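# pasting the sequence and the predicted model now:
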Amino acid sequence: MSESAERSPVDIDDYVTIQRFLYAEMALLDRRAYQEWFALLTDDIHYRVTTVSARPAQDETSRFAIIDEDAQTLKMRVDQISDPNLTHAENPPTLTQRLVSNVEAYYGERNGVFETTSSILLYANRSGSPKTGLYGGERQDVLIRNSSGIKIAERTVNLAQTILPDSTLSLLL
Amino acid sequence: MESDATGWVDVERGLVSREAFVSDEVYQLEIERIFNRSWIYLGHETEIPNVGDYVVRNLGNAPVIVVRDTPESVKVLLNSCRHRGAKLCRADAGNTRNFVCPFHGWAYEIDGALRTTGFDHHFREDTDFSTMGLVPAPNVESFYGLIFASWDEAALPLRDYLGDIGWYLETFFNRTPGGMEVLAPPHRWRSKANWKIGSLNFIGDSQHSPTTHIGPSTLDSARTIRDGFRKHGQDSFHVVTDEGHGCTLTYLAPGMPEKNYHTHSETLKPLYDKSLSPDQSSMLHHLRVCVGTVFPNMSFIESQVGAGEKALIVRLWHPVSGTEMEVLSWVFAEKEADQGYKDRVLRNGFHNFGAAGVFEQDDMVLWESATAASNNPIAQQYPYSFQTALPYFDTPDENHKWQGRAHRPADTEIAQFWFMQRWDALMRTNESKSDE
């Protein structure tokens, strides 16, 4: 992704379109409409989630992936949590609310391509448990608009996390 | 808590008290009798390649710095200032020329020796500063890059402690001249489950796979994993070795086409033959999955279960309490492998077994439910069952050619009960091996 200084922010109409898309997309995940969500990804989706290894402040941040999927492997992940017979982690389902804010959107180098950053906070309460996981971080997306609407071509979720607090992450962000 | 003499394991009936899997008193005793006496895995030398590189880990429940103090040596130092206890290192990893305490400024060399308190002139003249360095673990040894340490001065040499499981570890970690390297920092997560469930799962819990992992095993039909598991019954076996270690090996069934699975990279196979004995080579040949545990809390798995390359993973089940652990998980590949291969191994490794792994996510919720449901006096009247170990426990495979004692069939609890018996013996041993 190029430096923001060189990129031009999208106009207000495009901004509202993008913001609506990002909200609607998160609502699909909160409603557990995982297959509908998957349909919003391009065939060459690159989906990553990273966490941090804590380093001294004078060192560069050490980020590494905990999820790094293409369409095929992400589909397996989606299929697993979509089918009540194939998941224990999401059966009973985790109760979630995803908050998206701080949306910034720029025109990409090609026509119809947007580069966005947004803040995400995933509130995740395991059913029947007092445990609530909070996963916060910054997302960097590449969105593509064509005649049928907007799709996600790349998503990187940089979690502000060194140790996952609540077991493993079976949810999508 | 039950008396030391009774223990928690009923050898005759194949039962283990649930208290062993939830009690904080048992956890405290485990720290004293197991974690402060055994060799504990801390990390891999390739995490700290340069002098001054360090990672922060735990040896038992004591925080330690694992630091490369010279090109040839690694020290393990208590991460607590000798003055007033603050941590010298509060990050997970880094590089330093010395350790300076941020609290009052005591400064140490990277081998732990005290350089200055900053106020040396206010100490009595007969103060021996040479005895005031960071507390070192008395025993630190590396086994093909795997760094282990022990607080017990009288610990067996590491190679003797590993014994026959060392032969299997050597096959995985020393199969090319360059050895293995860690591909990324370890994934870390907290789980409200007892640490022993992890060790038992990896030493040999074949029975959990069809139910716990119905998701990935159903969805991975392209790799015929389901047929694989069924056919593999007779080609899978446990190996148990002294000190409570063990592993489970699963091979391609006869007549099953090798192309159904990735085995090992063709470019690396010639390198394996340079480093491995003929027996070790045949151990690797056609191996589909090896999953094992080095007592008490290091596990390893080499597996090709999804689309993609076979990945070698090391796992640490660090106990936090009777009902909680912190898990660390590293992915390894051969140093000689090309970057593309390493990238695929890393991705495939944590897709299946990482902090968001498609296998791990279902394991963790079920382990947590077992721990939660057992943490009450009613449940604790009813011990856990390891009874499928009993009919086979005294009849090892006479034809086993390799190290350790092999047992068939693998869909029993032999290796797990082996682990629990070793655990119980140590927990009932009051005297330390060292002179205390």
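Yes, it's here.
# domain-wise, how is chain B divided?
Domain assignment of chain B by automatic domain parsing yields the ranges B:40-151, B:163-427.
# and these, which one's lowest on average pLDDT?
The minimum mean pLDDT among the domains of chain B belongs to domain B:163-427 (a mean of 89).
# so which bits of the longest helix seen in chain A are buried?
Longest helix in chain A, counting residues (DSSP state H): helix A:12-30. Within helix A:12-30, the residues that count as buried by 16 or more other Cβ atoms under 10 Å in any protein chain shown are A:15, A:17-19, A:21-22, A:25-26, A:28-29. Glycine gets a C-beta too; all of them are placed from N, C-alpha and C.
# what is the nearest of those residues to chain B?
Chain B lies nearest to A:L29 out of the buried residues of helix A:12-30, by Cβ to the nearest Cβ, at 14.7 Å.
# now A:T96: which helix or strand?
Using DSSP states H and E, A:T96 maps to strand A:95-107.
# circling back to that earlier point, dump the domains of chain B into JSON lines; add distance to chain A as well.
Shown next, in JSON lines, are the domains of chain B (distance: least, Cβ to the nearest Cβ, whole Å):
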{"stretch": "domain B:40-151", "distance to chain A": "4"}
{"stretch": "domain B:163-427", "distance to chain A": "4"}
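# and chain A, which residues reach chain B?
Neighbours of chain B within chain A, by Cβ under 8 Å from any Cβ of the partner chain: A:49, A:51, A:53-56, A:59, A:62, A:64-69, A:72-73, A:76-77, A:79-80, A:83, A:85-89, A:126, A:131, A:162-170.
# out of these, which are buried?
Neighbour counting by 16+ other Cβ under 10 Å classes A:49, A:51, A:53-55, A:62, A:64-69, A:73, A:76-77, A:79-80, A:83, A:86-89, A:126, A:163-164, A:166-170 among the residues of chain A next to chain B as buried.
# on the three-state scheme, the spatially closest residue to B:W367 that is not a sequence neighbour is what?
Distance criterion Cβ to Cβ, 6 or more residues apart in numbering or on different chains; nearest residue to B:W367, sequence neighbours excluded, is B:A193 at 3.7 Å. Three-state assignment for B:A193 (DSSP: H, G, I helix; E, B strand; the rest coil): coil.
# B:A193 touches B:V365, doesn't it?
No: using Cβ atoms under 8 Å, B:A193 is not in contact with B:V365; the gap is 9.3 Å.
# can you give me the distance of the residue of chain A positioned farthest from its centre to B:K335?
Most distant from the centre of chain A: A:Q58, at 28.9 Å, with distances by Cα atoms, centre = their mean. Look at A:Q58 and B:K335: by Cβ to Cβ, to the nearest Å, they are 29 Å apart.
# ok, B:I414 next?
Here B:I414 is placed at a distance of 35 Å from B:K335 (Cβ to Cβ).
# and for B:P383?
From B:P383 across to B:K335, the span is 46 Å (Cβ to Cβ).
# now do A:L29
Using Cβ to Cβ, one gets 40 Å for the distance from A:L29 to B:K335.
# B:G246 bridge partners, please.
B:G246 has these beta-bridge partners by DSSP bridges: B:V240, B:T293.
# got it, and the one 5 residues further on?
With DSSP bridges as the criterion, the beta-bridge partners of B:Y251 are B:L287.
# give the burial count for it, as a bare number.
Applying other Cβ atoms under 10 Å in any protein chain shown, we find 18 residues neighbouring B:Y251.
# now it: how far from B:D53?
Applying Cβ to Cβ, the value for B:Y251 to B:D53 is 39 Å.
# kindly report the same for A:G108.
A:G108 sits 39 Å away from B:D53 when distances are taken as Cβ to Cβ.
# got it, and A:I152?
As judged by Cβ to Cβ, A:I152 and B:D53 stand 38 Å apart.
# try B:E109
To B:D53, B:E109 is 15 Å away according to Cβ to Cβ.
# of those two, who's got more company?
Legend: neighbour count by other Cβ under 10 Å for B:E109 and B:D53, higher for B:D53 (18 against 15).
# my guess is the more buried one contacts B:N95, does it?
Yes: using Cβ under 8 Å, B:D53 makes contact with B:N95 at a distance of 5.1 Å.
# check which helices and strands the helix or strand where A:L122 lies is in contact with.
With elements taken from DSSP H and E, the one containing A:L122 is strand A:113-125. Counting contacts by 3 or more Cβ pairs under 8 Å, 6 or more residues apart in numbering or on different chains; DSSP states H and E, strand A:113-125 is packed against helix A:12-30, strand A:95-107, strand A:132-146, strand A:149-159.
# in the helix or strand containing B:V76, what counts as buried?
Per DSSP H and E: B:V76 is located in strand B:73-78. By neighbour count on 16+ other Cβ under 10 Å, the buried set for strand B:73-78 is B:74-78.
# repeat that for stretch B:190-209.
Applying 16+ other Cβ under 10 Å to stretch B:190-209 flags B:190-206, B:209 as buried.
# can you measure across it, start residue to end residue?
End-to-end distance of stretch B:190-209: 22 Å, with Cα to Cα, to the nearest Å as the criterion.
# now B:G244: how far from B:T293?
8 Å.
# what is in contact with those two at once?
Common neighbours of B:G244 and B:T293, counting by Cβ atoms under 8 Å, 6 or more residues apart in numbering or on different chains, are B:F419.
# ok, the two, which is more surrounded?
More crowded of B:G244 and B:T293, by other Cβ under 10 Å: B:T293, with 30 against 25.
# got a list of what B:A410 touches?
Neighbours of B:A410 in contact, by Cβ under 8 Å, 6+ apart: B:204, B:206, B:233, B:236-238, B:248, B:250.
# please name the nearest non-neighbouring residue to it.
B:S236 (3.7 Å).
# same thing with A:E104?
Distances taken as Cβ to Cβ, 6+ apart place A:T117 nearest to A:E104, at 4.9 Å, with adjacent residues excluded.
# now the one you found, which residues is it bridged with?
Listed beta-bridge partners, A:T117: A:E104, A:Q140 (assigned using DSSP bridges).
# who touches it in this structure?
A:102-104, A:138-141.
# and it, how far from A:A105?
Remark: distance between A:T117 and A:A105 (Cβ to Cβ) = 8 Å.
# got it, and A:S167?
Separation of A:S167 from A:A105 (Cβ to Cβ) stands at 34 Å.
# more neighbours: B:P383 and B:K335, which one.
B:P383 (19 against 15).
# ok, the closest residue in space to B:E243 that isn't next to it in sequence - how many residues close by?
Among residues not flanking B:E243 along the chain, B:F295 sits closest, at 5.5 Å (Cβ to Cβ, 6+ apart). Residues near B:F295, counting by other Cβ under 10 Å, number 24.
# and the helices in chain B, which stretches?
Counting by DSSP H, the helices of chain B are B:24-30, B:158-162, B:165-173, B:195-204, B:209-212, B:214-219, B:225-231, B:269-275, B:278-284, B:339-353, B:360-374, B:414-427.
# let's have these in a markdown table, adding distance to B:A86.
Below are the helices of chain B laid out as a markdown table (distance: least, Cβ to Cβ, whole Å):
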| stretch | distance to B:A86 |
| --- | --- |
| helix B:24-30 | 24 |
| helix B:158-162 | 31 |
| helix B:165-173 | 36 |
| helix B:195-204 | 27 |
| helix B:209-212 | 42 |
| helix B:214-219 | 45 |
| helix B:225-231 | 50 |
| helix B:269-275 | 44 |
| helix B:278-284 | 47 |
| helix B:339-353 | 34 |
| helix B:360-374 | 33 |
| helix B:414-427 | 33 |
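# just name the most buried of those helices.
helix B:195-204 (a mean of 26; mean count of other Cβ atoms under 10 Å in any protein chain shown).
# nearest residue to B:K196 in space, please, no chain neighbours.
Nearest residue to B:K196, sequence neighbours excluded (Cβ to Cβ, 6+ apart): B:F21, at 6.4 Å.
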